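# model this:
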Amino acid sequence: MSIRTLYLIRHAQHDRANPEDDELEGGLTPAGEMQADWTARRMQGLPVQAIYASDMRRAQQTAAMLARCFPELRVRCDPDLRECVPVIPPLQADAFTNLDPSAIIRDQYRAERAFTRYFRRADGRDAHEILVTHGNLLRYLVCRALDLPAERWTSLEIYNCGITEFTLDHTGRTQLVSHNDSGHLPGYLKTFL
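Below is the predicted model:
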């Protein structure tokens, strides 16, 4: 029986200032670089076969630091892993009125594509894959994987470089092994930025 193990990692802390209004947004802060370094050490030694990351700068930089522990791998860029608003929770709809409705629809399709692409059954051999993504999408993926209402994504929280681990077997059975594991980070590096 084969098992696919997915490690969903939220990007490290990034510079929220975006003076050029760059759609890829700011890079990692010094604290973010330390978070990514601690996370790389935590992942080192695992039999990782693939690293995927959003195309946003903070995710790419986090993934690049993780990839140093796996020199035989290159980071694969997947725009479907970028930050999004996957679903508007009905009880919080007022908080999302400033968003373009067509952008929300695109986000929903992108989030669902990401779920379908990565949360698939094991294909006969064990696999370990890292996804470096963003808080909103990661929380949505957790809800979808656990068959929770998708609009509950706002009820979950995850630290920068928190690790959420799932296993999927050959039948498609999905198990949450851990959520928001941040034990590898010193207390002063546990942030949500």
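
# quick one: low-confidence parts of this protein?
Where the chain drops to pLDDT under 70, the residues are 18-24.

# please enumerate the strands of this protein.
3-10, 50-53, 75-77, 127-133, 163-169, 174-181 (DSSP state E).

# ok now stretch 120-129, how far from the chain's centre?
Distance, stretch centre to chain centre, for stretch 120-129: 18 Å (C-alpha atoms, centre = their mean, to the nearest Å).

# which outside residues touch stretch 98-116?
The contact list for stretch 98-116 (C-beta atoms under 8 Å, 6 or more residues apart in numbering) reads 78-82, 84-88, 96, 133, 137, 140-141, 144-145. Any C-beta I mention is one placed from the backbone N, CA and C, and that applies to glycine too.

# now, these that are in helices?
Using DSSP state H, the subset of the contacts of stretch 98-116 located in helices is 137, 140-141, 144-145.

# mind naming the longest helix for the protein?
For the chain, the longest helix by residue count, based on DSSP H, is helix 101-118.

# what residues sit buried inside that helix?
Residues of helix 101-118 classed as buried: 107-108, 110-112, 114-115, 118 (neighbour count, 16 or more other C-beta atoms under 10 Å).

# identify the bridge partners of the residue nearest in space to the middle of the chain.
The centre of the chain sits closest to residue 133, judged by C-alpha atoms, centre = their mean, with a distance of 2.9 Å. For residue 133, the beta-bridge partners under DSSP bridges are residue 10.

# close enough to count as contact, it and residue 56?
No - using C-beta atoms under 8 Å as the test, residue 133 is too far from residue 56 to be in contact (9.1 Å).
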